[in-house]
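*Asks:* Got a sequence here, can you build the structure:
(one chain, ligands or ions: 1)
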Amino acid sequence: MKLARAGIFFGGAFAGVALGCAPPAPGAPAADSTVTVAAELDALSRGVTRGHEATFLSILDDTLSADAYHCLPSPRRVFSADAPDGERRIAGVMPHYGFFFGPMSYLLRHRAGRWEVDVRIAVELPTEGDVMELPDCAIPRELEGDRGDIAEVGATCAGTPYSASPSLSACPGSGTFSIVGTRGAQLALLRRWSREAASYWNRDAAAFGLPVRYRFTFEPSAAVPPGFADLRVPLALTCGRTPYFSAFRSGWSLPIVAHEVGHVLGLLDEYETFSGLSPCYPKTPFPGAEVSRMGLSMREGTLVLPLHHYLVLRRYFCEEPPAGPYEGGL
Ligand SMILES: [Zn+2]
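*Replies:* From the prediction side, this is the model:
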């Protein structure tokens, strides 16, 4: 099965990039076939991908064929403690839906038999005072302190938190949550994302027994020197379905933020291109990808699968790609 891709602008951009074109880097594990790799990843997935092996094989194939880092080490090798210790910055672009290139940048470190993945996101804060939409009441509760009254911090909390809504919308409008966007409230939001967004990745890596730990840090842009951010984006004060590199949005729930950082790590969406844009055309994950963090982003319980951890860590073993249009290190 080949997943549908529109490919209007850039569909052929990577046509010349095929797996196995480049000689393996010195010491790199021998190339395997994607079928073998996918089967190994299914075996690590504890039944979660069962019955939908073809979907996840296609996701693997599509992601690899779009990636300028092209090598195919075995998952066994990638997840073993034997990977050489070291540190490597991964940077480039990935084509999303075949329409636009989105930046990818992160730091990979292997030491003492374990992986660490670091993403540093510099967020340009808007001027203070405008109302900030939130996905739930966590920030107001954090800031009310011993006053015990969210109205004291200019907040409103009513209804169902977005991540608890049964809707497949990223912004379900299941409640009304907002706060006056003081600098304190903006910084509390970045602290919360830094504390919580990586926990979905770490939760799932631990559940699948994979030796990797993620750290996603969100900082005010002014505090991050040029060249030190993996992504530099404005903070938008509403919810909305916009690309991860145009803004991070105060109304995004934590599961959505965790999904969007997946794009900074070079992962692609796993749903039909235009689905979810309107209630008439609901979000449609690829068959079986309902369980996936990159398939249904708004759910607390969707998973970062062994496939995703593999795709992120795999690049450590690949040759450095030729310099592309995007150099990273914003
Ligand atoms: Zn996405």
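*Asks:* Strands of this protein, start to end?
*Replies:* 86-96, 100-111, 114-124, 131-133, 156-159, 175-180, 212-220, 231-236, 248-249 (DSSP state E).
*Asks:* Give me the buried positions along stretch 298-312.
*Replies:* 298-299, 302-312 (16 or more other CB atoms under 10 Å). Bear in mind the C-beta positions are built from the backbone N, C-alpha and C, glycine included.
*Asks:* just how off-centre is that stretch within its chain?
*Replies:* The gap between the average C-alpha position of stretch 298-312 and the chain average comes to 9 Å, counting by CA atoms, centre = their mean, to the nearest Å.
*Asks:* And for stretch 165-181?
*Replies:* Computed by CA atoms, centre = their mean, the separation of stretch 165-181 from the middle of its chain amounts to 20 Å.
*Asks:* can you pull the pLDDT of Phe286?
*Replies:* At Phe286, the model reports a pLDDT of 91.
*Asks:* Ok, Phe14 next?
*Replies:* Looking at Phe14, its pLDDT is 31.
*Asks:* Pick out whichever of the buried residues of stretch 298-312 sits closest to Leu57.
*Replies:* Within these, distances to Leu57 taken as CB to CB reach their minimum at Leu307, with 9.5 Å.
*Asks:* one step back: out of the strands of the chain, which is the most enclosed?
*Replies:* Ranked by average neighbour count under the criterion mean count of other CB atoms under 10 Å, the strands of the chain are headed by strand 248-249 at a mean of 24.
*Asks:* re the thing from before, can you put the strands of the chain in a markdown table and add distance to Val261?
*Replies:* Formatted as a markdown table, those follow (distance: least, CB to CB, whole Å):
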| stretch | distance to Val261 |
| --- | --- |
| strand 86-96 | 14 |
| strand 100-111 | 9 |
| strand 114-124 | 6 |
| strand 131-133 | 20 |
| strand 156-159 | 26 |
| strand 175-180 | 22 |
| strand 212-220 | 5 |
| strand 231-236 | 9 |
| strand 248-249 | 9 |
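*Asks:* And the helices in the stretch 151-300 of the chain?
*Replies:* With helices called from DSSP state H, counting those that start in this stretch, the stretch 151-300 of the chain shows them at 183-207, 254-264.
*Asks:* Serialize those helices to TSV and add fields for mean pLDDT, mean neighbour count and distance to Gly92.
*Replies:* Output for these, formatted as TSV (pLDDT from 0 to 100; neighbours: other CB atoms under 10 Å; distance: least, CB to CB, whole Å):
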stretch	mean pLDDT	mean neighbour count	distance to Gly92
helix 183-207	98	18	20
helix 254-264	98	24	11
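*Asks:* Excluding chain neighbours, what is closest to the most centrally placed residue in the chain?
*Replies:* Of all residues in the chain, the one closest to the mean position by CA atoms, centre = their mean is Gly262, 1.1 Å from it. Spatially, and ignoring its direct neighbours in sequence, Gly262 is nearest to Met294 (5.6 Å; CB to CB, 6 or more residues apart in numbering).
*Asks:* roughly how far apart are that neighbour and Ala258?
*Replies:* Remark: distance between Met294 and Ala258 (CB to CB, to the nearest Å) = 10 Å.
*Asks:* and the closest residue in space to Leu265 that isn't next to it in sequence, what is it in contact with?
*Replies:* Of all residues beyond its chain neighbours, the one nearest Leu265 is Val312 (4.9 Å), with distances taken as CB to CB, 6+ apart. If a contact means CB atoms under 8 Å, 6 or more residues apart in numbering, then Val312 has 106, 108, 117, 265-267 as its contacts.
*Asks:* Now do Val312 against Tyr97, distance only.
*Replies:* To Tyr97, Val312 is 20 Å away according to CB to CB.
*Asks:* Arg315 too?
*Replies:* With the distance defined as CB to CB, Arg315 ends up 21 Å from Tyr97.
*Asks:* Neighbour count: the two, which is higher?
*Replies:* Set Arg315 next to Tyr97 and count neighbours by other CB atoms under 10 Å: Arg315 wins out with 25 against 19.
*Asks:* which one of the strands of the chain lies closest to Phe286?
*Replies:* Phe286 lies closest to strand 86-96 among these, at 14.8 Å (CB to CB).
*Asks:* name the helices or strands packed onto that closest one?
*Replies:* The contact analysis (3 or more CB pairs under 8 Å, 6 or more residues apart in numbering; DSSP states H and E) places strand 86-96 against helix 53-66, strand 100-111.
*Asks:* about what we covered before: show me which pair in the buried residues of stretch 298-312 is furthest apart.
*Replies:* Based on CB to CB, the longest span within those runs between Met298 and Tyr310 and measures 23.9 Å.
*Asks:* Farthest pair within the contacts of Val312?
*Replies:* Farthest pair in the contacts of Val312 (CB to CB) is Leu108 and Leu267. Separation: 14.3 Å.
*Asks:* Name the nearest residue to Val212, ignoring sequence neighbours.
*Replies:* For Val212, the nearest residue in space outside its immediate sequence neighbours is Trp115; the separation is 3.9 Å by CB to CB, 6+ apart.
*Asks:* I'd say the one you found and Leu313 touch.
*Replies:* Yes. Taking CB atoms under 8 Å as the definition, Trp115 is a contact partner of Leu313 at 5.7 Å.
*Asks:* Common neighbours of these two, please.
*Replies:* Common contacts of Trp115 and Leu313 (CB under 8 Å, 6+ apart): 108, 212.
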